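**Student:** got a sequence here, can you build the structure:
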Amino acid sequence: MKTLRLMASRHSVFYSPLLATFAGGFLQEEGLDASYRPVPAGRSVGEFLASGEIDVTQSAVSYSWSVLEKGGTPPAVNFAHVNVRDGFFIAARSAQAGFTFERLLSGRLMYVHGGQPEAMLRYALHRNGVDLSSVTGVDAGNTEQMMDAFRRGEADYFHEQAPYPQQLEHEGIAHVVAAVGEAIGPVSFSTLAATPAWLKEPDAVKFMRAFRKARAWVQGAPAAEIAQRLAYLFPNISEHARIKGIEAYQRLGCWEGDPEIRPEHYEAALDVFQHAGLISRRYPSAGIVVRPPDVRG
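**Tutor:** Sure, this is the predicted structure:
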């Protein structure tokens, strides 16, 4: 059985469609097996694709823009959506009925700095009349470091993907009060990417069939069933947090619709990155986005 090498730029239940493709038996139905790992610290998924060390990765159309901004050539193309909304949440140290983003101005916000997470957060706040630059930000490092720092009381608000805010809530030290995805709406957030050469292989069509099934399953199946299937991938996260995170993504509609990358979602992501000043022009999708390998024409 052929083994596909899968990678993710971040590890969370936000990427349940890809995780379920790997762990849910869908690839095996297509006669494929797979390995999965998050990208190691200090490297990018693009490096692994360019070197041929992996076949498919969770990425974003914005990764291609970052390469183009530096005068480079993206090593891969984006061929399907994993998520069509931002997947980050805001958790507060205390319960806050009627939370508004303006409350962030009166506390310390520990958020994921840099790149797409910060750009999306900045845009969400902007749409709600708040400038992220006016917020007291805390940069505590990677996800584990952020969680430990929040447990030590080093911030009043916490910004991360599920299941991490939900885990802090489960521990009784935080309350999830907002979803950044609600403030932004549909957008090209995370994608699947591969080299054009790999997408011509027969395994690409088999993988895409498996991914479609997995994505539909995580949108419609009971969250508890999904959380149980993915449990071994999150050994330090409670079942309660996994379930709550998956339920939240199902309500947001992160995994709804056909996974083909639509122009309106691509354009919405351009809006976000232009507002953040991270791109110098609006890059056309040609050469960055292609249709899924099981779609012809």
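**Student:** count of neighbours near Lys200?
**Tutor:** Around Lys200 there are 10 other residues, counting by other C-beta atoms under 10 Å. Every residue, glycine included, has its C-beta placed from N, CA and C.
**Student:** quick one, what contacts the nearest residue to it once chain neighbours are set aside?
**Tutor:** Excluding the flanking residues, the one nearest Lys200 by C-beta to C-beta, 6 or more residues apart in numbering is Pro293, at 7.8 Å. The contact partners of Pro293, by C-beta atoms under 8 Å, 6 or more residues apart in numbering, come to Phe79, Leu199, Lys200, Ala204, Val205, Phe207, Met208.
**Student:** pLDDT below threshold where in the stretch 51-200 of the chain?
**Tutor:** The stretch 51-200 of the chain contains no residues with pLDDT under 70.
**Student:** if you set the cut-off to 90 instead, what comes out?
**Tutor:** Scanning the stretch 51-200 of the chain for pLDDT under 90 picks out 51-52, 95-97.
**Student:** ranges for the helices of it?
**Tutor:** Using DSSP state H, counting those that start in this stretch, the helices found in the stretch 51-200 of the chain span residues 61-69, 115-127, 143-151, 164-170, 180-184, 196-199.
**Student:** could you list the buried residues of the fifth one?
**Tutor:** Burial within helix 180-184, assessed by neighbour count using 16 or more other C-beta atoms under 10 Å, is assigned to Val180, Gly181, Ala183, Ile184.
**Student:** helices or strands up against it?
**Tutor:** Packing contacts for helix 180-184, counted by 3 or more C-beta pairs under 8 Å, 6 or more residues apart in numbering; DSSP states H and E, involve strand 88-92, helix 115-127.
**Student:** of these, flag the one that's most buried.
**Tutor:** strand 88-92 (a mean of 25; mean count of other C-beta atoms under 10 Å).
**Student:** could I get the buried residues of helix 180-184 as TSV with distance to Phe88?
**Tutor:** Formatted as TSV, the buried residues of helix 180-184 follow (distance: C-beta to C-beta, whole Å):
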residue	distance to Phe88
Val180	4
Gly181	7
Ala183	10
Ile184	10
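**Student:** correct me, but Ser62 touches Asp271?
**Tutor:** No. With contact defined as C-beta atoms under 8 Å, Ser62 and Asp271 do not form a contacting pair (11.7 Å).
**Student:** list the contacts of Pro292.
**Tutor:** Phe79, Ala80, Met208, Pro259, Glu260.
**Student:** kindly report the same for Leu109.
**Tutor:** Ile90, Val135, Thr136, Gly137, Val138, Ala155, Asp156, Tyr157, His159.
**Student:** wouldn't the last one be in contact with Leu121 here?
**Tutor:** If I follow you right, that is His159. Yes. Using C-beta under 8 Å, His159 is in contact with Leu121, at 6.3 Å.
**Student:** where do the contact lists of those two overlap?
**Tutor:** With C-beta under 8 Å, 6+ apart, His159 and Leu121 have common neighbours Phe88, Tyr111, Val112, Val180.
**Student:** for the first one, name its beta-bridge partners.
**Tutor:** What it means is Phe88. The partner list for Phe88 in beta bridges (DSSP bridges) reads Gln161.
**Student:** for the stretch 101-250 of the chain, which segments are assigned as strands?
**Tutor:** Using DSSP state E, counting those that start in this stretch, the strands of the stretch 101-250 of the chain run over 108-110, 136-138, 157-161, 175-179, 190-194.
**Student:** from Ala92, how far out is His170?
**Tutor:** According to C-beta to C-beta, to the nearest Å, His170 stands 15 Å off from Ala92.
**Student:** wait, I meant Asp148
**Tutor:** From Asp148 to Ala92 the distance is 18 Å (C-beta to C-beta).
**Student:** try Ala20
**Tutor:** 30 Å.
**Student:** any chance of the strands of the stretch 101-250 of the chain in CSV, with distance to Gln116 too?
**Tutor:** Formatted as CSV, those follow (distance: least, C-beta to C-beta, whole Å):
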stretch, distance to Gln116
strand 108-110, 17
strand 136-138, 16
strand 157-161, 11
strand 175-179, 16
strand 190-194, 9
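**Student:** closest to Leu68 out of the ones you listed?
**Tutor:** strand 190-194 (14.3 Å; C-beta to C-beta).
**Student:** for that closest one, what is the distance to the chain centroid?
**Tutor:** 10 Å (C-alpha atoms, centre = their mean, to the nearest Å).
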